[in-house]
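J.: Here is a sequence with its predicted model. Questions after.
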Amino acid sequence: MSGPSGVGKSTLLQRLFADHPDKFGFSVSHTTRSPRPGEQDGKHYYFVTREKFQDLIKQNAFIEYAEFSGNFYGTSFMTVHQVSQGGRRCLLDIEAQGVRQIKQTDLNPVYLFISPPTLHQLRQRLQGRGTETETSLAKRLATALKEIDYAKEGAHELVIVNDDLDRAYSLFEKVALGEKVECDALPPLDD
Ligand SMILES: Nc1ncnc2c1ncn2[C@@H]1O[C@H](COP(=O)(O)OP(=O)(O)OP(=O)(O)O)[C@@H](O)[C@H]1O
């Protein structure tokens with residue numbers, strides 16, 4: 001799944017994990033950033049050095065990776081296989097850059113885009129969450145526009161508009177469970 005920051009991906013995922021505690025898994029990413037207090041290696045992230053991360057890149061260990069503010073983050077094939085070997089369906093919350101990279105692999109995922117009803121509402125949600133400063137809000141919105149442009153190219157096979165949360169969740173749950181659903185059309189998002 002992908003979608004612009006603030007569209008409600010975490011909200012949908014939290015609800016899905018709460019409703020189906022044994023069905024889904026999230027893969028543990030690798031990162032070169034330092035652990036924050038309370039973060040455990042192998043649980044929150046695999047914390048590795050830059051050298052180790054670069055070795056893994058050379059070994060093609062990553063499905064996708066990216067560098068954000070000086071640190072690498074990546075999803076390895078190994079961790080996704082661990083989830084499926086444990087009998088769970090693996091969910092990835094991933095940015096456009098990651099989606100592009102996954103398309104180069106032989107994995108055959110369902111590509112789902114979570115869309116805001118309008119850009120105005122996306123802005124309101126990000127502001128309403130109370131986690132952003134003026135600068136970080138502007139940064140997230142600029143990235144959001146790139147995510148939306150990629151969706152407009154038709155990169156995802158399924159779209160769910162997170163307008164009414166219950167409605168969006170019920171579609172999301174069906175997609176996650178592998179049921180056939182009639183999804184939404186991508187809104188114009190040109191406001
Ligand atoms: N359908 C909805 N209607 C109104 N508000 C919503 C809806 N879905 C989520 N929200 C609210 O929007 C805010 C952003 O949601 P959330 O944190 O889940 O987004 P996100 O896509 O995971 O963002 P990020 O990528 O930055 O982590 C939250 O305050 C959440 O409660």
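T.: All right, it came through fine. Predicted model only: the values in this text are computed from it and were never measured.

J.: Going by C-alpha atoms from here, please, whenever you check contacts or count neighbours.
T.: OK.

J.: Go ahead and confirm G42 touches T31.
T.: No. Using C-alpha atoms under 8 Å, G42 makes no contact with T31, being 10.8 Å away.

J.: Settle it for me: which of those two has more neighbours?
T.: Comparing G42 with T31 by other C-alpha atoms under 10 Å, the one with more neighbours is T31, at 23 against 12.

J.: Does the more buried one touch H44 like I think?
T.: No. Using C-alpha under 8 Å, T31 is not in contact with H44; the gap is 9.9 Å.

J.: State the distance from the spatially most central residue of the chain to the ligand.
T.: Nearest to the mean C-alpha position of the chain, by C-alpha atoms, centre = their mean, lies D93 at 1.7 Å. Distance, D93 to the ligand, using C-alpha to the nearest ligand atom, to the nearest Å: 8 Å.

J.: now swap in F17 and tell me
T.: From F17 over to the ligand (counting by C-alpha to the nearest ligand atom), the distance is 13 Å.

J.: Am I right that N108 sits in a strand?
T.: No. Counting by DSSP: H, G, I helix; E, B strand; the rest coil, N108 falls outside a strand, being coil.

J.: what about it, how many neighbours?
T.: N108 sits with 8 neighbouring residues when counted by other C-alpha under 10 Å.

J.: Quick one, grab the pLDDT at it.
T.: On pLDDT, N108 comes in at 90.

J.: does the residue lying farthest from the centre of the chain count as helix, strand or coil?
T.: Within the chain, the residue lying farthest from the chain centre (C-alpha atoms, centre = their mean) is E51, at 25.7 Å. When classified by three-state DSSP, E51 comes out as helix.

J.: Now do the contacts for it.
T.: With contact set as C-alpha atoms under 8 Å, 6 or more residues apart in numbering, E51 has no partners.

J.: now the one 3 residues further on
T.: Remark: with contacts taken as C-alpha under 8 Å, 6+ apart, Q54 is in contact with nothing.

J.: Can you pull the phi/psi pair for it?
T.: phi -70, psi -30 (degrees, to the nearest 10).

J.: Please report the distance of it from F62.
T.: From Q54 across to F62, the span is 10 Å (C-alpha to C-alpha, to the nearest Å).

J.: same question, V161
T.: Going from V161 to F62 by C-alpha to C-alpha gives 30 Å.

J.: do the same with A168
T.: On the measure of C-alpha to C-alpha, A168 and F62 end up 31 Å apart.

J.: Could you name the specific helix or strand carrying A138?
T.: Using DSSP states H and E, A138 sits in helix 134-152.

J.: buried sites along that helix?
T.: Residues L137, R140, L141, T143, A144, L145, K146, E147, I148, Y150, A151 are the ones in helix 134-152 that count as buried (16 or more other C-alpha atoms under 10 Å).
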